[in-house]
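Visitor: give me coordinates for this.
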Amino acid sequence: MSRFIAAIDQGTTSTRCILFNPQGNIVSVAQKEHEQIYPQPGWVEHNPDEIWKNTQEVVALARIQASANASDIAAIGITNQRETTVVWNRKTGKPYYNALVWQDTRTTDFVATYEKDRRINEFRAITGLPVSTYFSSLKLKWLLSNVKGLRADAEKGDALFGNMDTFLIWHLTGGAQGGIHVTDVSNASRTQLMNLRSLQWDEKMLKEFDIPAVMLPAIKSSSEIYGYVTSEVIPGVPVAGDLGDQHAALVGQTCFEPGMAKNTYGTGCFLVMNTGNEIKLSENGLLTTMAYQFGNQPAKYALEGSVAVTGALVQWVRDNLGLIRKSSDIEKLAKTVEDNGGAYFVPAFSGLYAPYWRNDARGVIAGLTRYVNKGHIARAVLEATAYQTTDVVKAMEQDSGIELSSLRVDGGMVANQLLMQFQSDILNRQVVSPAVAETTALGAAYAAGLAVGYWKNTEELKQNWAIAHTWNPAMEEHKRSGLYQGWQKAVTKSFGWME
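Guide: Numbering: from 1, shown residues only. This next block holds a predicted model:
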């Protein structure tokens, strides 16, 4: 039996390859950052060629670190930043334009038209999603409308669309020499072009956004063999798992039962609750989305609350304000004060996502007095993540009718003890982190491993899950409610900033 499963985690700021053993423990990790491109305010791009090059490098490095041959790797799974949209030429493999990142807001004018016509929620019954700058549909529409020659090539079938999973799988399995053009149900559900019931591209949605069906990948399950790696890095290894990053984290946290939820604290925050076989349409500003589908088993659905700016706010304080030298310094600075000093930071840099969905919102710091210092600002920065998560949990409990007993957490910010304790306090729930923190990559590995029999079933995966740390609420109710009321007031001050 092969010794390892490999996972490629293609994220917003970097690409990683992690090798896992049968116990779900990390054997080796390699990581490489890629450039963040900001051509105009609100525009965010990545160079797909750079990401493909980095992917090959990290796979090679992770393999070398583990002294592993291609034959030692049973399969490879992909997990990726979702909604980030790339279009490339079938014959050359070259992108027509940089990838438009999920955070990109250049399609605001399109959204404004739907808002004006009161059509923002028109497609929720089909796709589970409101019209927003967030999803791939409008990004693809923008590319087709603005990149010279692209529409003609798309109509001919020479231009291929995909999110980053599709782009990488195509390149891994041969590229211009017969690369497999596929995506999975979880990624497809984030394009706003897939029908949640049929799990196929929806003709009405393609017509609405004027997108040629011929450029779209085939939709597959999240766990099956799509093809085999032709690259010299790990030739012959089956590519057998594909999950959008938040869906992968749900799998990595083994949230296989309806009502189980996880929150990933990364660039943004993404809270996902498994709703089983049931499609639950939100009445509280959440997204209805796919959870995952393993092979021929029935697809599982989820409710999701997406928060655009959490870890990115810490980076902003570091890079734009220079208050800290490295991101981890934020906790030390925040600990210089006892509380937020009355200050609240609402990081609506590109509008507010769940549960508000306000494209007209912009970032504000509210409640400032002469008393407030940089320690209070640092604390307000961390607290913003916990408040935004609490907003989403409250909405999710209302939609699902299920009260969370505890919240499973993962992502880079979980290392911040002050934040995690405050999260438990303001949420008034137990917060639990797993022993293996890299749950996104682990979920992709699990999907790939199930497809090739490396793991027998989900029961075996559940046995791998172990607790690293538990935080319990310790805040008095009057203080909790007072702080949260202050946050809710601050949020309203961000509304209506953009016309």
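
Visitor: what residue ranges in the stretch 1-150 of the chain score low on pLDDT?
Guide: By pLDDT under 70, the low-scoring segments of the stretch 1-150 of the chain are 1.

Visitor: ok, which stretches of it are strands?
Guide: For the stretch 1-150 of the chain, the strands defined by DSSP state E, counting those that start in this stretch occupy 4-10, 14-20, 26-33, 45-46, 73-80, 86-89, 99-100.

Visitor: neighbouring strands of the second one in the sheet, and parallel or not?
Guide: Right, the one you point to is strand 14-20. Strand 14-20 has the following sheet partners, assigned by DSSP bridges: strand 4-10 (antiparallel), strand 26-33 (antiparallel).

Visitor: ok, Val131 touching Arg118?
Guide: No: look at Val131 against Arg118 with C-beta atoms under 8 Å: they stay out of range, at 10.9 Å. In this view, the C-beta of every residue, glycine as well, is placed from N, C-alpha and C.

Visitor: and the two? Which one has more around it.
Guide: Shown here are Val131 and Arg118; by other C-beta atoms under 10 Å, Val131 has more neighbours (26 against 8).

Visitor: find the residue closest to that one in space, skipping its chain neighbours.
Guide: What sits nearest to Val131 in space, not counting adjacent residues and going by C-beta to C-beta, 6 or more residues apart in numbering, is Tyr114, at 4.4 Å.

Visitor: got a list of what the one you found touches?
Guide: Tyr114 is in contact with Ile120, Glu122, Val131, counting by C-beta atoms under 8 Å, 6 or more residues apart in numbering.

Visitor: OK, contacts around the second one?
Guide: Shown here is Glu122, whose contacts under the criterion C-beta under 8 Å, 6+ apart are Tyr114, Val131.

Visitor: show me what the helix or strand encompassing Lys332 is packed against.
Guide: Taking DSSP states H and E as the criterion, Lys332 maps to helix 329-334. Judged by 3 or more C-beta pairs under 8 Å, 6 or more residues apart in numbering; DSSP states H and E, the packing partners of helix 329-334 are helix 374-400, helix 417-427.

Visitor: now the very next helix or strand once past the shortest one: buried residues?
Guide: Okay, so that is helix 417-427. Downstream of helix 417-427, the next assigned helix or strand under DSSP H and E is strand 430-434. Along strand 430-434, these residues count as buried under the neighbour rule (16 or more other C-beta atoms under 10 Å): Val431, Val432, Ser433, Pro434.

Visitor: same check, this time on stretch 52-69
Guide: Judged by neighbour count (16+ other C-beta under 10 Å), stretch 52-69 contains these buried residues: 52, 54-63, 66, 68.

Visitor: repeat that for stretch 110-127.
Guide: By neighbour count on 16+ other C-beta under 10 Å, the buried set for stretch 110-127 is Phe110, Val111, Tyr114, Ile120, Phe123, Arg124, Ile126, Thr127.

Visitor: now do it: distance to the chain's middle.
Guide: Using C-alpha atoms, centre = their mean, to the nearest Å, the distance from the centre of stretch 110-127 to the centre of the chain it belongs to is 22 Å.

Visitor: can you give me the end-to-end span of it?
Guide: From its first residue to its last, stretch 110-127 covers 18 Å (C-alpha to C-alpha, to the nearest Å).

Visitor: and the helices in the stretch 1-150 of the chain?
Guide: Taking DSSP state H, counting those that start in this stretch to define them, one finds helices in the stretch 1-150 of the chain at 48-65, 108-116, 124-127, 136-146, 150-156.

Visitor: ok, which pair from the buried residues of strand 430-434 is furthest apart?
Guide: Val431 and Pro434 (11.7 Å; C-beta to C-beta).

Visitor: ok so, going back, of all the strands of the stretch 1-150 of the chain, which one comes closest to Ala176?
Guide: Using C-beta to C-beta, the nearest of the strands of the stretch 1-150 of the chain to Ala176 is strand 86-89, at 8.2 Å.

Visitor: got the CA positions of the closest one in PDB?
Guide: Written as PDB, here are the backbone C-alpha positions of strand 86-89 (Å, rounded to 0.1, in the frame of the first residue of the first chain):
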ATOM      1  CA  VAL A  86      -9.700  32.100 -14.600                       C
ATOM      2  CA  VAL A  87     -10.100  31.600 -18.400                       C
ATOM      3  CA  TRP A  88      -7.400  30.000 -20.500                       C
ATOM      4  CA  ASN A  89      -6.800  28.700 -24.000                       C
END
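
Visitor: so what does that strand touch, helix or strand wise?
Guide: When contacts are defined as 3+ C-beta pairs under 8 Å, 6+ apart, strand 86-89 packs onto helix 150-156, strand 159-162, helix 164-172.

Visitor: what residues does the closest residue to Asp49 other than its chain neighbours make contact with?
Guide: Leaving aside its chain neighbours, Asp49 sits nearest to Pro95 (6.6 Å; criterion: C-beta to C-beta, 6+ apart). Applying C-beta under 8 Å, 6+ apart to Pro95 gives the contacts Asn47, Pro48, Asp49, Val86, Val87, Trp88, Asn89.

Visitor: ok, Gln430 next?
Guide: Contacts of Gln430 (C-beta under 8 Å, 6+ apart): Ser405, Ser406, Leu407, Ser424, Thr470, Trp471, Asn472, Pro473.

Visitor: looking at these, which are in strands?
Guide: Counted as lying in strands by DSSP state E, out of these, are Ser406, Leu407, Thr470, Trp471.

Visitor: which residues touch the closest residue to Asp158 other than its chain neighbours?
Guide: The shortest distance from Asp158 to any non-neighbouring residue, by C-beta to C-beta, 6+ apart, is to Arg90 (5.2 Å). Residues in contact with Arg90, defined by C-beta under 8 Å, 6+ apart, are Gly157, Asp158, Ala159, Leu160, Ala176.

Visitor: mark which of those are buried, thanks.
Guide: For these, a burial check counting by 16+ other C-beta under 10 Å picks out Asp158, Ala159, Leu160.

Visitor: now those residues as CSV including pLDDT?
Guide: What follows is the buried ones among the contacts of Arg90, written out as CSV (pLDDT from 0 to 100):
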residue, pLDDT
Asp158, 96
Ala159, 96
Leu160, 97
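
Visitor: roughly how far apart are the residue sitting furthest away from the middle of the chain and Val317?
Guide: In the chain, counting by C-alpha atoms, centre = their mean, Arg370 sits farthest out from the average C-alpha position, at 38.2 Å. Going from Arg370 to Val317 by C-beta to C-beta, to the nearest Å gives 21 Å.

Visitor: and the angle from the one helix or strand Ala445 maps to to strand 26-33?
Guide: Counting by DSSP H and E, the element that carries Ala445 is helix 439-452. If you take axes from the mean of the first three to the mean of the last three C-alpha atoms, to 10 degrees, helix 439-452 sits at 120 degrees to strand 26-33.

Visitor: packing partners for the helix or strand just after helix 439-452?
Guide: Stepping forward along the backbone from helix 439-452, the first helix or strand reached (DSSP H and E) is helix 458-464. The contact analysis (3+ C-beta pairs under 8 Å, 6+ apart) places helix 458-464 against helix 439-452.

Visitor: that older thread, could you dump the helices of the stretch 1-150 of the chain into JSON lines and include distance to Thr275?
Guide: Listed next are these as JSON lines, based on distance: least, C-beta to C-beta, whole Å:
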{"stretch": "helix 48-65", "distance to Thr275": "32"}
{"stretch": "helix 108-116", "distance to Thr275": "26"}
{"stretch": "helix 124-127", "distance to Thr275": "15"}
{"stretch": "helix 136-146", "distance to Thr275": "23"}
{"stretch": "helix 150-156", "distance to Thr275": "35"}
